[in-house]
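Asker: predicted model follows, preceded by the sequence.
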Amino acid sequence: MKNFKILIAGLVLSVCTLHSYADNSVRLVTDRSLELTGFQDSRPYSPECDFRNDFAMVYGASRPDLIDDLKSWKQKDYLPHLMTGIAWGQYSDFEDFEGSSIMSLSQVDADGSQKLHGHMNPYIVPSIEFADYITEKLKTAIDAGVLAIHLEEPEFWAYTGFSEKFQKEWKLFYDEPFTRPDSSINAQYKASKLKYYLYTRTIRRVAEACKDYALRKHNRELRIYVPTHSLINYTHWNIVSPQSSLIDSDVIDGCIAQVWTGTSRTPNVYEGNRAERTFETAFLEYGVMQELVRNTDRRLWFLHDPIEDNSGYGWDDYKYNYKATLIASLLQPHIWRYEICPWPHRVFERSYPRGSENAKPIPADYATTLCTVFNQLRDMRQEENEWVNASHGIGVLIADSAMFQRAQPVFREAAGNMDNPKRASESEIEDFSAFYGLTLPLLKHGIPVQAVQLDNTVRFANYLTDYKVLVLSYEFMKPQTPAVNQALAEWTAQGGVLVYVGADEDPFNNVSEWWNMGDKECQTPSGHLLELMGIKSETEDGIYSFGEGKVFLSRKHPAYYSRSEKAADEYRSILSHAAKAAGMKYNRNNYLQLNRGPYVIAACLEDSISKKPLELEGLFVDLLDSNLPVKKKVSVSPGQRIWLMDLKKLEKNKAQPIASAARIESWEKLDDGIELKLSAPRDVKIVSRIRLPKKPLRMLIDNKNFADFSWHKHSKTVFFKSPAFEKIQSVKIFW
């Protein structure tokens, strides 16, 4: 198979950076100050949840025991972070200057009902007073020494926007009387833009004030992060959130990509079949999230969750879907930091399905695998990354404005059925089929299509350089500035191939925006783009030249390509020709495989070009098997995913750790062996596999002879299960 190397902008590591990444250049021995992995919890330290990660995010700014909880984790070597909700939370003591309670800030539906996150816990219309209230709450944590604050989930529901507080914000922002968002397409678009602005304003105000306070009072630089769902999920779930606008604020230091089973199992439609596609959806979600930090020095952590918020499933379901999201995230080589678990106590201390007489605690082997994964994730910053036999360099554009087209009257304006190839039906809008119709047909045939942030085209020079083919539709989103179209036209003129999909019948084309205002108005934003490239706006299907590039026009609604296998094939045919025009090979597979340094990450796809398993030969360690077995052959059936260590890519005749369910706190070379120290959570079976230059003669654990280890001659690795221990375990291996 031919390998296609990835060009990863901004990830070229200096020698200095590499030295700081690992102590003595030993795999898995990392400095906690790198903050490679962490978790969030609302409880104090407990040995059962002591995963030995780098930082702990204690949750909630209003809890009376917050400071004690922070200290409990800090005393156990965790770097202290704080996470709190910015759209909802336990903020019952809020009171504005008029004497109104937190309930006065509640988001309100069209029927007058309040949108709640729990009893007396509203989703908030974020006023300036609320931002200042949150800032005061956070000062206590800053005084306690937190290094970072995470303002979680800025969420404004698309179908709300009818409260008195929102009406006042409308008057201030637009300097005009309030108009009900459900009264017209234009009003809905304006309401969503206002929601977008309100949370952008709130986060910036809180971040600036908290950073100023930390620096002036404590002479300490505080970092501010925003944990947020993906743009894809928020659009699908009908939520407006700041998303890429976070990049515009220098006081925001990064984000956590809140992608997990709960978001990614949301059903979508492919070839006419509506179903859960956790892996494929997660791949797209993680992919668009990494765009929030690409070309910047900001941090991004990918979230994983070994279970999910819905407690009604069993362990088999949780394990299958966790593996799907984990592998989907590892197939994004730009990111190497991870939130390994939200609420770990509910994973390791509860039984599932909750409320069932058959509920069971976490299986011991699954607990071991999870702890192995938690540690191995600290080794994902790899310089060499390559896709195997894949057509890499194809992107589908998506903009923040997709969130602005997700509430009434959009559904009233939908096509009556799915017979119209130029309009989306109500169900297709609900399922966000316009986006999935452009992505799933490619992804399901083994093309690692990237969701590309349209808004970034005007933020960063050469943002689109890595792409040879881009797919665009303004049927479900709009460019917020004409500079976006100018950037796309310039990219095309320089040799890019643009595939535009859309019949220009979207009612949101008629909103009062830049393309239909001023002296040179256009009826549609795509008309403006085409005119920039010398193509008449009413031009039909076809292939057109512009500069060194090409423009492929398909005058169908993108949801059309989700309706049947025939429609999906029609779309794939267009992309095949576009790839050829771009000088790319259009390789179809029923798998995705990415090699990251010595790691092999792969998924064999269901509903793809064949049901043939992906077969690998070599010398591998299976990192998702609790016994860390060595395998010469690996077969991956459709619907299965793997994460392997390729031992043939490691330096020969060198002692080094391969994997462990414990954190390797230190690694020391001895004259005729090695000594390592392990730490781990209580009640988890700890396994380790170590590469050695020679067969071990003896092993000591806590200075006692230990004979229960196995030697694998061909791989030159030793495997052992640690006896139960508290705190730190010393392991010496002699050869």
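Answerer: Yes, it's here.
Asker: report the buried residues of the strand or helix carrying residue 491.
Answerer: Residue 491 belongs to helix 482-493 when assigned by DSSP states H and E. Within helix 482-493, the residues that qualify as buried are 482, 484-492, counting by 16 or more other CB atoms under 10 Å. Glycine gets a C-beta too; all of them are placed from N, C-alpha and C.
Asker: so which elements touch it?
Answerer: Contacts defined by 3 or more CB pairs under 8 Å, 6 or more residues apart in numbering; DSSP states H and E place helix 482-493 against strand 469-472, strand 497-501, helix 525-532, strand 542-546, strand 549-554.
Asker: out of the ones you listed, which is closest to residue 725?
Answerer: Closest approach to residue 725 among the helices and strands packed on helix 482-493 (CB to CB): strand 469-472, 54.0 Å.
Asker: pull the distance from the closest one to the chain's centre.
Answerer: A distance of 21 Å separates the centroid of the chain from that of strand 469-472, by CA atoms, centre = their mean, to the nearest Å.
Asker: pairing partners for that strand, with directions?
Answerer: Strand 469-472 pairs in its sheet with strand 394-398 (parallel), strand 497-501 (parallel), by DSSP bridges.
Asker: would JSON lines of these with mean neighbour count, distance to residue 448 and mean pLDDT be doable?
Answerer: As requested, the strands paired with strand 469-472 are exported to JSON lines (neighbours: other CB atoms under 10 Å; distance: least, CB to CB, whole Å; pLDDT from 0 to 100):
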{"stretch": "strand 394-398", "mean neighbour count": "26", "distance to residue 448": "8", "mean pLDDT": "98"}
{"stretch": "strand 497-501", "mean neighbour count": "25", "distance to residue 448": "17", "mean pLDDT": "98"}
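Asker: distance to residue 534 added to those, as CSV?
Answerer: Output for the strands paired with strand 469-472, formatted as CSV (distance: least, CB to CB, whole Å):
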stretch, distance to residue 534
strand 394-398, 21
strand 497-501, 13
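Asker: residues contacting residue 497?
Answerer: Shown in contact with residue 497 (CB atoms under 8 Å, 6 or more residues apart in numbering): 468-470, 549-552, 578-579, 581-582.
Asker: just residue 55 next, same as before
Answerer: Residues counted as contacts of residue 55 (CB under 8 Å, 6+ apart) are 32, 35, 37-38, 78-81, 147-148.
Asker: if we go to 6 Å?
Answerer: 35, 38, 78-79, 81 (CB atoms under 6 Å, 6 or more residues apart in numbering).
Asker: to residue 668, which of the helices and strands packed on helix 482-493 lies closest?
Answerer: Per CB to CB, nearest to residue 668 of these: strand 469-472, 50.9 Å.
Asker: helices or strands next to the helix or strand that residue 316 is a member of in the packing?
Answerer: Assigned by DSSP H and E, residue 316 belongs to helix 315-330. With contacts taken as 3 or more CB pairs under 6 Å, 6 or more residues apart in numbering; DSSP states H and E, helix 315-330 sits against helix 278-289, strand 599-604.
Asker: need these in a markdown table with mean pLDDT, distance to residue 662 and mean neighbour count, can you?
Answerer: A markdown table is the format used below for those (pLDDT from 0 to 100; distance: least, CB to CB, whole Å; neighbours: other CB atoms under 10 Å):
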| stretch | mean pLDDT | distance to residue 662 | mean neighbour count |
| --- | --- | --- | --- |
| helix 278-289 | 98 | 27 | 27 |
| strand 599-604 | 98 | 20 | 23 |
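Asker: could I get these as TSV with distance to residue 530?
Answerer: What follows is the helices and strands packed on helix 315-330, written out as TSV (distance: least, CB to CB, whole Å):
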stretch	distance to residue 530
helix 278-289	25
strand 599-604	37
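Asker: nearest approach to residue 556 belongs to which of the ones you listed?
Answerer: Closest to residue 556 of the helices and strands packed on helix 315-330, according to CB to CB: helix 278-289, at 21.0 Å.
Asker: which residues touch the closest one?
Answerer: With CB under 6 Å, 6+ apart, helix 278-289 has contacts from 230-233, 257, 259, 264-265, 302, 321, 324-325, 328-329, 332, 439, 443, 450-451, 603.
Asker: hmm, back to that, find the pair from the contacts of residue 55 with maximum spatial separation.
Answerer: 35 and 78, at 10.4 Å, using CB to CB across these.
Asker: out of those two, which sits in the busier spot?
Answerer: residue 78 (23 against 19; other CB atoms under 10 Å).
Asker: flag the shaky bits of the chain, pLDDT-wise.
Answerer: Counting by pLDDT under 70, the ranges of the chain that qualify are 1-24.
Asker: what do you get if the cut-off is 80, keeping everything else the same?
Answerer: 1-25, 519-520 (pLDDT under 80).
Asker: domains for it, by residue range?
Answerer: Annotated domains of the chain cover 86-226, 394-581, 591-649, 656-734 [automatic domain parsing].
Asker: can you tell me which of those domains is most buried?
Answerer: The highest average neighbour count among the domains of the chain, using mean count of other CB atoms under 10 Å, belongs to domain 394-581 at a mean of 20.
Asker: and the strands in the stretch 101-250 of the chain?
Answerer: For the stretch 101-250 of the chain, the strands defined by DSSP state E, counting those that start in this stretch occupy 148-152, 156-157, 223-228, 239-240.
Asker: with distance to residue 277 added, can I get those strands in CSV?
Answerer: Output for these, formatted as CSV (distance: least, CB to CB, whole Å):
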stretch, distance to residue 277
strand 148-152, 26
strand 156-157, 25
strand 223-228, 22
strand 239-240, 20
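Asker: which one of the buried residues of helix 482-493 is nearest residue 248?
Answerer: Nearest to residue 248, judged by CB to CB, of these is residue 484 at 14.5 Å.
Asker: thinking again about what came up before, quick check: angle from the helix holding residue 316 to strand 599-604?
Answerer: Angle between the axes of helix 315-330 and strand 599-604 is 120 degrees (criterion: axes from the mean of the first three to the mean of the last three CA atoms, to 10 degrees).
Asker: okay, buried residues for helix 315-330 please.
Answerer: 315, 317-330.
Asker: now do that helix: distance to the chain's middle.
Answerer: 14 Å.
Asker: got it, and stretch 102-121?
Answerer: Using CA atoms, centre = their mean, the offset of stretch 102-121 from its chain centre is 28 Å.
Asker: just the CA coordinates of stretch 211-225, formatted as PDB?
Answerer: Coordinates of the C-alpha atoms in stretch 211-225 are reproduced here as PDB (Å, rounded to 0.1, in the frame of the first residue of the first chain):
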ATOM      1  CA  LYS A 211      -7.000  37.400  34.400                       C
ATOM      2  CA  ASP A 212      -6.600  40.900  35.500                       C
ATOM      3  CA  TYR A 213      -7.500  39.900  39.100                       C
ATOM      4  CA  ALA A 214      -5.000  37.000  39.200                       C
ATOM      5  CA  LEU A 215      -2.200  39.100  37.800                       C
ATOM      6  CA  ARG A 216      -2.800  42.200  40.000                       C
ATOM      7  CA  LYS A 217      -3.500  40.400  43.300                       C
ATOM      8  CA  HIS A 218      -1.300  37.300  43.000                       C
ATOM      9  CA  ASN A 219       1.100  38.200  40.200                       C
ATOM     10  CA  ARG A 220       0.000  35.000  38.500                       C
ATOM     11  CA  GLU A 221      -0.900  34.400  34.900                       C
ATOM     12  CA  LEU A 222      -4.300  32.600  34.800                       C
ATOM     13  CA  ARG A 223      -5.500  30.600  31.800                       C
ATOM     14  CA  ILE A 224      -9.000  30.500  30.500                       C
ATOM     15  CA  TYR A 225     -10.500  27.700  28.500                       C
END
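Asker: right, I'll leave it there.
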